[in-house]
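**Q** The following block contains a protein sequence and its predicted model.
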Amino acid sequence: MLVAFSVAPSGTGRADGSVHDAVAAAVRIVRESGLPHRTTSMFTEIEGEWDAVFDVVRRATDAVMPFGSRVSLVLKADIRPGYTGELDAKVDRLEQALERSADEG
């Protein structure tokens, strides 16, 4: 399964609205999990079995809790039993399709 999630505190009291320290605490949990992952400017993607992935998401969310009075969690899951390595394979298939369409056009 692939999960893309974003977790951030609110009610931080920071005038600039910055949440980088809280996000760093969450990403540290993901990186230490040993599961395949990728972090972008908006989301962290993680791949693995259901229980392992959701345990990491829960712990990452818990790591953000001390940074504000509440936490927002946005999550999207691609549940496709029997497939692994999709974190990169989905992007590779997209790039191949783009190359084919460029060659045809």
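**A** Received it, and whenever you're ready, just let me know what you need.

**Q** Is it correct that residue 7 is in contact with residue 71?
**A** Yes. With contact defined as C-beta atoms under 8 Å, residue 7 and residue 71 form a contacting pair (6.3 Å). Where you see a C-beta, it was placed from the backbone N, CA and C, and this is true even at glycine.

**Q** check contacts around residue 89.
**A** For residue 89, the contact set (C-beta atoms under 8 Å, 6 or more residues apart in numbering) comprises residue 83.

**Q** distance of it from residue 8?
**A** 29 Å (C-beta to C-beta, to the nearest Å).

**Q** would you list every one of the helices in this protein?
**A** In the chain, the segments counted as helices under DSSP state H are 20-33, 50-64, 86-104.

**Q** so can I have JSON lines of those showing distance to residue 1 and mean pLDDT?
**A** Supplementary listing: the helices of the chain in JSON lines, determined by distance: least, C-beta to C-beta, whole Å; pLDDT from 0 to 100:
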{"stretch": "helix 20-33", "distance to residue 1": "14", "mean pLDDT": "96"}
{"stretch": "helix 50-64", "distance to residue 1": "6", "mean pLDDT": "98"}
{"stretch": "helix 86-104", "distance to residue 1": "9", "mean pLDDT": "93"}
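
**Q** could I get these as TSV with distance to residue 44?
**A** Converted to TSV, the helices of the chain look like this (distance: least, C-beta to C-beta, whole Å):
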stretch	distance to residue 44
helix 20-33	6
helix 50-64	8
helix 86-104	11
